[in-house]
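S.K.: here's a sequence, model it:
(chains A and B)
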Amino acid sequence: MITTSHYLVLSLIVFTVGVVGVLTRRNVIIVFMSIELMLNAVNLNLVAFSDRLQDLAGQVFSVFVITVAAAEAAVGLGIVIALYRNRETVNVDEIDLMKW
Amino acid sequence: MEAFLFYTLAAILVTFAILTVTAHNPVRSAVYLISALLSVAGLFFLLRAEFVGAVQILVYVGGIMVLVLFVIMLVRVGEAERQPRASRRWKTAVALAVVLAVELGVLMVRGGASLQPSAVPRPAQTVGNTQAVGFMLYNDYLLAFEIASVLLLVALVGAVVLAKKEL
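M.R.: Numbers count the residues shown, from 1 in each chain, chains lettered A, B, ... in the order given. Predicted structure coming up:
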């Protein structure tokens, strides 16, 4: 019997893996993909609770999360291209102009 | 059968998630992420959320990941590969992530009483999942839906402005 807790634990693992990716990787594109991983963990939670409570609001919200992720992808990758054109790098350690 | 499918998809998801954040080559990382996203879609189907699962495949795998692959090919990654892939303070980062995981786990265990299998009985399905989600989207969440469409338009214009050399 698979319960909501199973999905919550799975989502916890995937979210933590995403956090590790965001914090440790230096390639900005891989950091971006780790963020997508975290968004997916959240979506999994929303849909799991939607199934548990038999309330479709969770599914509607995960559709909105996917929409925002698509907008974020478009803007984020635009920034990556602009950054690469100006600085010739995708390494987050070298992108430190706005760091104290 | 449900348990078998769940554990299979969960194993694929965790494996490819770890491979995504550890892979050297960003192209491989993207392909691993596509597999992870597909298994998330499988889990959505398992939860009887067919519409969200289909949107996941169409938007994430068909849209976002293709965009990511295009950007990886536009940006020269050869130089980035030669440098060490993890940042210098990776031990601190992993420690922070472990603290976060423990924190979330404690919250989950403490809230576990309310998660006991007393799930709401599944009502007999009169309409399909897509129809039900669409009904909700165009009635209760109509304003949010319209705002999301404006957000997408703004993101589209913003991405063009950012990526264009000169306007």
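S.K.: which residue is the nearest non-sequential neighbour of residue A:32?
M.R.: Excluding the flanking residues, the one nearest residue A:32 by CB to CB, 6 or more residues apart in numbering or on different chains is residue A:76, at 5.6 Å. For glycine as for every other residue, the C-beta is placed from the backbone atoms N, C-alpha and C.
S.K.: top helix in chain A by residue count?
M.R.: Criterion DSSP state H: the longest helix present in chain A is helix A:57-87.
S.K.: would you indicate which residues of that helix are buried?
M.R.: A:58-64, A:66-67, A:69-84 (16 or more other CB atoms under 10 Å in any protein chain shown).
S.K.: same thing with stretch B:15-31?
M.R.: Buried-residue list, stretch B:15-31, by 16+ other CB under 10 Å: B:16-23, B:25-26, B:29-31.
S.K.: first-to-last residue distance for that stretch?
M.R.: Its start and end residues considered, stretch B:15-31 measures 13 Å (CA to CA, to the nearest Å).
S.K.: let me see the mean pLDDT of it.
M.R.: Stretch B:15-31 shows an average pLDDT of 91 in the prediction.
S.K.: so where is chain A shaky, pLDDT-wise?
M.R.: The model of chain A has pLDDT under 70 over residues A:100.
S.K.: again, only this time at 80
M.R.: Applying pLDDT under 80 to chain A picks out residues A:1, A:93, A:99-100.
S.K.: now the residue of it most remote from its centre: how far from chain B?
M.R.: In chain A, residue A:1 marks the outermost C-alpha relative to the chain mean, sitting 29.0 Å out by CA atoms, centre = their mean. Taking CB to the nearest CB, to the nearest Å as the measure, residue A:1 falls 7 Å from chain B.
S.K.: reformat the buried residues of stretch B:15-31 as CSV; add distance to chain A and secondary structure.
M.R.: Shown next, in CSV, are the buried residues of stretch B:15-31 (distance: CB to the nearest CB, whole Å; DSSP: H, G, I helix; E, B strand; the rest coil):
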residue, distance to chain A, secondary structure
B:16, 10, helix
B:17, 5, helix
B:18, 6, helix
B:19, 10, helix
B:20, 6, helix
B:21, 3, helix
B:22, 8, helix
B:23, 8, coil
B:25, 10, coil
B:26, 5, helix
B:29, 5, helix
B:30, 7, helix
B:31, 11, helix
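S.K.: find the residue closest to the most centrally placed residue in chain B in space, skipping its chain neighbours.
M.R.: Centroid check for chain B by CA atoms, centre = their mean gives residue B:37 as the closest residue, at 6.1 Å. With sequence-adjacent residues excluded and distances taken as CB to CB, 6+ apart, residue B:37 is closest to residue B:60, at 4.8 Å.
S.K.: wait, residue A:50 touches residue A:57, no?
M.R.: Yes. Contact criterion CB atoms under 8 Å: residue A:50 and residue A:57 qualify, at 6.9 Å.
S.K.: so how far is residue B:43 from residue A:25?
M.R.: For residue A:25, the distance to residue B:43 (CB to CB, to the nearest Å) stands at 25 Å.
S.K.: residues contacting residue A:41?
M.R.: Going by CB atoms under 8 Å, 6 or more residues apart in numbering or on different chains, residue A:41 touches A:11, A:12, A:14, A:15, A:18.
S.K.: which SSE is it in?
M.R.: Using DSSP states H and E, residue A:41 maps to helix A:28-53.
S.K.: just the buried residues of that helix, please?
M.R.: Under 16+ other CB under 10 Å, the buried positions of helix A:28-53 are A:28-52.
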